[in-house]
Structures are given as structure tokens and as C-alpha cells.
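# Prediction below, plus the sequence it came from.
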Amino acid sequence: MEGVTQALARFAAGLRFGDLNSSLIKQFKRYLLDGIGCGLHGSSLPWSQMVSQFIKEQGGMEESTLWLQRFKGPSPNVSLGLGVMIHGFDFDDYHRAKIHPGAAVIPAAMAVGERLGADGKSLLTAMVAGYEVMIRISLATGPNASRLKGWHLTGTTGTFGAAAAAGKLLGLDEDQMASALGMAGTQSSGLWAFTADGAMSKRFHPGRSSQSGVMSALLSQKGFRGPTQILEAEDGGFCRATSDRVDLSLATKDLAREFFCADVGIKPYACCASSHSAIDAIWQIAESVKVDPENVEKIAVKTARGVKVQCGFEYKPLKYPNEFFSSPQRRRERREDRSGLK
């Protein structure tokens, strides 16, 4: 009986642009444009600047462009930087599987695609493969249960999406793709502890997962063998290791016939999508009832336990160096970067 990991690998390796209908292609063009827009803005934020500075210090082969930094470097490292940029303002796309697929998949597809000189059809096909694999794995894991254990699923499942996208562009066959997914899964990480002190690590997770996915695909292309039952293995399999509500059937349900990635949303607000319904409710109240904010003592929101845990904590912003926003030199550098759009 074919395993779940192998089935997803066969899907990703075998996907062709001709398999995508016009509606899905149009949607993915929007996802790509949205991701680039989020990344261009995110590039100016302090966490992105710190990571970009680190990447530039590493140097290396000039394969892929680190947006607005006047720098080209190795595709795995550039993927790290682009992922932090796209997720930097929490405005990037999302799926109900509690993930932000674009922040992990688009950097891998863009960086590897540039390295290879890939065309637009190949790029979009790789994105679909990455989004679909990432979403299905998150659903199979039981995202709510995994989240309540403290995992950040964009980080933990993003490795798979990035590996699938990069592997598709590299032309990996089914067995190589399964190996790449295995290597991606063994690098999965991302913990929600940043809410305890306002740390910057949430933005780091999709970038790191994208970097790990690209590395996994490149190693697999060279013959490095990863675990080909990374999702379903009883001992150390990703799904059971990160959740106690696993349903592996969701990973392959109607695979290649139904694209779950068609349900990805583009955010109207730059905050966790779990809080969007509350924001919409406030807007509706404000439009229908005249309320003086001075007379509002508190607002009670009834929601799911997972949303309360994720969004209802006491916010403690982390202090970061003011020069990333206020330094005349940094402002001048950002203006120069934008003028060239490099």
C-alpha cells in the first residue's frame, strides 16, 4: 500500500501546467503579486533588515536576488530572507489549515526559479505544488491540536511546501521528491513562544522553513536520501510527533482532482486571520450603531479556544534598535533601494 509521503511526492513531481484550470492560474497570479507586495514592504522592517544583513555577510554564489537589498546570493539563503520579508508585517496570504503558504513557498519558487532561469508557467506550477502539499499536510496533522501544543504550523509545514516547489523546478522525479519531503520534514520547526515576550521569531519561521525546503530539494537532487515515510512513520513521523489529532486521509483525499489551495485567502487586515471576524463585527457595529468610544469600557469577543490562546494574550512589544526606523542613514538607504527596485 502506497504511503502518504510517496503519494504527495508523486503528485508534486508529476504536476504539469496543463493540469491547472484558468481560474486556479488566475488565483495564483494574485497570490504571487500579493506575496511580492508584502515582501517589498516587509523588506524595510527591522527583523527583515537584520536577517538581510546576516545573509549579505555570508556572501556566496550570485544565484538569486534578495529584494531591495542590491544583493544576489545562494538560493537557500535568499529564500530565508524573502520568507522573513513576506511574513514580516503579517499581511501575507493564509489558509484555514492555520498556515501562511505564500511566505514559505513563494521565496523557494522565486529563488530557485531565478537560479534556473525558469519561465512563468514553471514558476506557477511549482507554487501550486508547494501550496497544495503544505496545505494538505497541515490539514492531515490536525492544525488546531498541533497549534495548541505550541507549534507554529507555517514553520513546521512550510518546509514541505518549499521542498515541493523547489523540487518541482529542479525536475525531481517521484523518488527524489519523496526524499526531499523527508529531508524537509526532519528540519520542521517553529514554536509559538514568541508571544511570551514579543520576540521577532514568528517572522523568522517561514523564511527558515523555505531555506530548509530549498536545501532539501538540492540535496535530494544530488542523491542524498531522506526518510520517505516522514509523514506516516509510527516512530518519529511528522504528523504523530506534532499532534494527537491526526487524519492522514486528508493528505491524499481527491489528490490531483481537487485543489485545496484554491481556498487560500488574501488578507484585508494586517493581523492574524483568526481575529478578522471580530474586526468585521466591530466595523458592522460602528456602521449601524452610533457608539462613542469614550463610553466603551471593554469589548467581549466569543470565539474558539484556539483563537483565544493564539490572539488573546497580553501583548508585550519587544524593544528593537531605533536606528532601523529613525536613523537618517537607514531612511536614506531605504529610499535609494526603492528608487532602483533591485
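Looks like it arrived, so ask away.
# just checking, A273 touches A97?
No. Contact between A273 and A97 fails when scored by Cβ atoms under 8 Å: they sit 11.2 Å apart. Backbone N, C-alpha and C define where each C-beta goes, glycine included.
# which of these two has more neighbours?
More crowded of A273 and A97, by other Cβ atoms under 10 Å: A97, with 25 against 19.
# List the contacts of the more buried one.
Contacts for A97 (Cβ atoms under 8 Å, 6 or more residues apart in numbering) come out as 135, 138-139, 143, 153, 157, 260.
# at 6 Å instead, please
By Cβ atoms under 6 Å, 6 or more residues apart in numbering, the contact set of A97 is 135, 138-139, 143.
# what's the spacing between the residue lying farthest from the centre of the chain and G130?
Computed with Cα atoms, centre = their mean, the maximum C-alpha offset from the centroid of the chain is found at N295, amounting to 40.5 Å. Look at N295 and G130: by Cβ to Cβ, to the nearest Å, they are 49 Å apart.
# Which of the contacts of A97 fall in helices?
135, 138-139, 143 (DSSP state H).
# Quick one: these as a markdown table, columns for pLDDT and neighbour count too.
Putting the ones in helices among the contacts of A97 into a markdown table (pLDDT from 0 to 100; neighbours: other Cβ atoms under 10 Å) gives the following:
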| residue | pLDDT | neighbour count |
| --- | --- | --- |
| I135 | 98 | 28 |
| S138 | 98 | 30 |
| L139 | 98 | 21 |
| P143 | 96 | 25 |
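# what about the nearest residue to D173 once chain neighbours are set aside, how many residues close to it?
Once flanking residues are discounted, D173 sits nearest to A13: 5.7 Å by Cβ to Cβ, 6 or more residues apart in numbering. By other Cβ under 10 Å, the residues close to A13 number 20.
# Show me what the helix or strand hosting A13 is packed up against.
When elements are assigned from DSSP states H and E, A13 belongs to helix 4-14. Here helix 4-14 touches helix 120-141, helix 174-185, going by 3 or more Cβ pairs under 6 Å, 6 or more residues apart in numbering; DSSP states H and E.
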